[in-house]
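Participant: need coordinates for the below:
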Amino acid sequence: MLCLIAGLFWVIDRNKILKQKYVKINETLTQQIVENKNYQLRIKQLYQMDTQRLQELASAKSEIDRLRSYAERDPERVYIRASCATNDANSTSRVDDATRARPTDAAIRNYWILQRKNCSVRVHHLRSTRIIFAKSVLIKVIKKECKIKEMK
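Facilitator: Model prediction:
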């Protein structure tokens, strides 16, 4: 009879320990589910931002191409916004009938090439940032799943 009572207490104690482990694992799993949902939400937001930025960059590229074609068709109408410091000293020599300063054709072509490359670099940077973030999220999820399995 004494062995039966001792065995019953052992079973009850073992049941309490298992219940505590179950509660702890269940809490961890609930936290993991919440974090996974948050990560998925962040990934969706990043995807939307990336899509928006890519559309903006595509429209910027088309605008650059449009302006470049205008500049190639009518190079006399290409203006560069610039400002020069004025000299406050009294100057007697002035040129009243001088023509406007204009960049060379090669400078204009190089300007458009640099604008195009700048857009390409920004697109590449956005894509690589999105990939790096997705990899870090997956690594965190895998590590947490491994911790849950170790607790069992």
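
Participant: this structure: strands as residue ranges?
Facilitator: According to DSSP state E, the chain carries no segments that qualify as strands.

Participant: how about low-confidence regions in it?
Facilitator: Within the chain, the stretches with pLDDT under 70 are 75-103, 115, 117-152.

Participant: can you pull the buried residues of stretch 65-73?
Facilitator: Of the residues in stretch 65-73, those buried under the neighbour-count criterion (16 or more other Cβ atoms under 10 Å) are 68, 71. Just so you know, the C-beta spots here come from the backbone N, C-alpha and C atoms, and that holds for glycine as well.

Participant: no, scratch that, I was asking about stretch 23-40
Facilitator: By neighbour count on 16+ other Cβ under 10 Å, the buried set for stretch 23-40 is Tyr39.

Participant: and the longest helix for the chain?
Facilitator: With residue count as the measure and DSSP state H as the assignment, the chain has helix 2-73 as its longest helix.

Participant: so what secondary structure elements neighbour it?
Facilitator: helix 105-151 (3 or more Cβ pairs under 8 Å, 6 or more residues apart in numbering; DSSP states H and E).

Participant: what's near enough to touch Ala107?
Facilitator: If a contact means Cβ atoms under 8 Å, 6 or more residues apart in numbering, then Ala107 has no contacts.

Participant: ok, Lys44 - contacts?
Facilitator: Contact analysis of Lys44 by Cβ under 8 Å, 6+ apart lists nothing.

Participant: gap between Asp50 and Phe9?
Facilitator: 61 Å (Cβ to Cβ, to the nearest Å).

Participant: what about these two, which has more around it?
Facilitator: Comparing Asp50 with Phe9 by neighbour count (other Cβ atoms under 10 Å), the higher total belongs to Asp50, at 15 against 10.
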